[in-house]
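[1] Everything below, folded, please.
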Amino acid sequence: MTDTIQTVVYELHPNKTMKQVLDEAIDYRRYCWNQALETWNELYLAHKIYDKILWTKFIPKQNKKTGKITVKHIDVHLNPAPNWKMVRDIMVHDKADWQYQRSAHLLGLAVKDLGNAWQNFFDKAQPDWGKPHFHSRREPRQGFKSDQSKIVDGLLRLERPQKSLVPSEEWRDFKLSEKPLSDKIGVVSYFREKGRYYAAVPFKVATKKALPKTGKNTAVDVNVGHFNYTDGQQNVLPKKLEHIYEKIKHYQRQLAHKRVVTGSTQSNNYLKTRTKLQACYRKAFNIQNDLMHKFTTKLVNNYDQIVIENLSVKGMLMSHVASKGVHRSMFGRFKQMLTYKCKWYDRKLILADKLYPSTQRCAVCGTIKRGDERITLYGNKKHGTKHNEFVCYNKKCPNYNLVVDRDTNAMLNLLVLIEHPKLNKAL
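    Predicted coordinates for the structure are as follows:
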């Protein structure tokens, strides 16, 4: 049976010594990344200015099955194009004495990630496409990776460098909040965010068994504050969050008054208020994250095929009308959870095309609203309808001139894609 990677994020509670170890590892990872990026840029510049082939290596290789011999030729350049192994070897050769107090694997993993970042740079389809940049110590989230961490007696053990200044008797394992899924783990990501420490542990677990077929299908129309599906509506912004967001608003205003304009000294009241604000953000995220997990699990358990919209969340966040609601409704998080759960339990997830007019199409007759007939965030000015109302003006339609809930109509349009996949395009 093949293994499946299941990642669990744990909050760590290190003591003073281990907190210093984590901080130093984070700083060293940032140092390695920046040094590697600088070296990479210098090598690429030299390769671009002047390069020539010095000689060519011919390496014969025999196929063990067929016995056929092939010759592989490798050109040796004066200034070759950089790659992560070349940059790693240069950095290892130029190591300073203090670097031997840190784990050698941190350097290798940092340079390898830089190589992957350059590969992604040439693939514009990547979600976070862009040129690799230097990292700053002021970034809100920073971390490092470790491929030598282990699970020992239910505890997470971070590798200790041989020349570490921390004595072995003071080196402590990290207690996990729940029982580990397995003793087999991959590369662990440690990170620090808002003064707290976390570890993302990828467990290698047995592939989950496919759930029994239910014979039912559904579609989910995501909206600000609620998601519509065939069996009803899921509220993703419950009333208990309203009080938390009011507190967030209050603490943000207090911080604005206490913010230091000149100098770097921050008052105790400023730090206390910032701590309260961060606690509110964590509480709000935990509530919504729990709702998302329960809702996506419910969908996977009850339906064989699920249709959702492939929304451009970043584009929607640019709108000043609905950006805050889109961010709080966690559209991206919902899609991410549902994708991997459908893969685990052998459910079919259908993503509607970004240009599929689920909101503008009548689910009964198929008429598509165009031009000044379209429904916007403000409704329709021509007919005076609201943004959550859908009215079909096709006289041959059974729903002619009837006010229908726009979200329900969009959900039915998405459900059509299961039986008619050819419609999944711009109409």
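[2] remind me which residues of the stretch 101-250 of the chain are low pLDDT?
    The model of the stretch 101-250 of the chain has pLDDT under 70 over residues 127-128.
[3] all helices for it, in order.
    Ranges of helices within the stretch 101-250 of the chain are 104-121, 240-258, based on DSSP state H, counting those that start in this stretch.
[4] For the first one, which helices and strands make contact with it?
    Counting contacts by 3 or more CB pairs under 8 Å, 6 or more residues apart in numbering; DSSP states H and E, helix 104-121 is packed against helix 16-49, helix 84-93, strand 141-146. Yep, even glycine has a C-beta here, placed from its N, CA and C like the rest.
[5] before we move on, the earlier item: deepest of the helices of the stretch 101-250 of the chain, which one?
    Stretch with highest mean neighbour count among the helices of the stretch 101-250 of the chain: helix 104-121 (a mean of 18; mean count of other CB atoms under 10 Å).
[6] where along the stretch 101-250 of the chain do the strands fall?
    141-146, 150-152, 155-157, 174-175, 188-193, 196-206, 217-223, 226-229, 232-235 (DSSP state E, counting those that start in this stretch).
[7] Include distance to residue 304 when you put the ones you listed into a markdown table, please.
    Listed next are the strands of the stretch 101-250 of the chain as a markdown table, based on distance: least, CB to CB, whole Å:
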| stretch | distance to residue 304 |
| --- | --- |
| strand 141-146 | 38 |
| strand 150-152 | 36 |
| strand 155-157 | 38 |
| strand 174-175 | 40 |
| strand 188-193 | 34 |
| strand 196-206 | 23 |
| strand 217-223 | 6 |
| strand 226-229 | 14 |
| strand 232-235 | 18 |
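[8] Any idea which of the ones you listed gets closest to residue 4?
    strand 196-206 (5.7 Å; CB to CB).
[9] Can you mark which positions in that closest one are buried?
    Within strand 196-206, the residues scored as buried using 16 or more other CB atoms under 10 Å are 197, 198, 199, 201, 202, 203.
[10] just to revisit the earlier point, as TSV, the helices of the stretch 101-250 of the chain with distance to residue 229 would be great.
    Below are these laid out as TSV (distance: least, CB to CB, whole Å):
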stretch	distance to residue 229
helix 104-121	34
helix 240-258	21
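[11] before we move on, the earlier item: CSV please, covering the helices and strands packed on helix 104-121 and showing distance to residue 288 and mean neighbour count.
    Converted to CSV, these look like this (distance: least, CB to CB, whole Å; neighbours: other CB atoms under 10 Å):
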stretch, distance to residue 288, mean neighbour count
helix 16-49, 28, 17
helix 84-93, 38, 16
strand 141-146, 19, 19
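[12] Looking at those, spot the one closest to residue 217.
    strand 141-146 (38.4 Å).
[13] Can you give me the neighbour number for residue 393?
    Close neighbours of residue 393, defined as other CB atoms under 10 Å, add up to 12.
[14] That one contacts residue 373, correct?
    Yes: checked against CB atoms under 8 Å, the pair residue 393 and residue 373 is within contact range at 7.3 Å.
[15] what sits in contact with each of the two?
    Common contact partners of residue 393 and residue 373 (CB atoms under 8 Å, 6 or more residues apart in numbering): residue 383.
[16] returning to that earlier point: got a markdown table for the helices and strands packed on helix 104-121, with distance to residue 105 too?
    Shown next, in a markdown table, are these (distance: least, CB to CB, whole Å):
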| stretch | distance to residue 105 |
| --- | --- |
| helix 16-49 | 10 |
| helix 84-93 | 11 |
| strand 141-146 | 7 |
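[17] Also compute the angle for the host helix or strand of residue 350 relative to strand 217-223, please.
    Element membership for residue 350, per DSSP states H and E: strand 348-352. Angle, strand 348-352 to strand 217-223, by axes from the mean of the first three to the mean of the last three CA atoms, to 10 degrees: 40 degrees.
[18] Send me strand 348-352 as CSV with only the CA atoms.
    Provided in CSV are the C-alpha atoms of strand 348-352 (Å, rounded to 0.1, in the frame of the first residue of the first chain):
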residue,chain,number,x,y,z
LYS,A,348,-14.4,13.9,-8.0
LEU,A,349,-13.9,17.7,-7.7
ILE,A,350,-14.9,19.8,-10.7
LEU,A,351,-13.6,23.3,-11.0
ALA,A,352,-15.8,25.6,-13.0
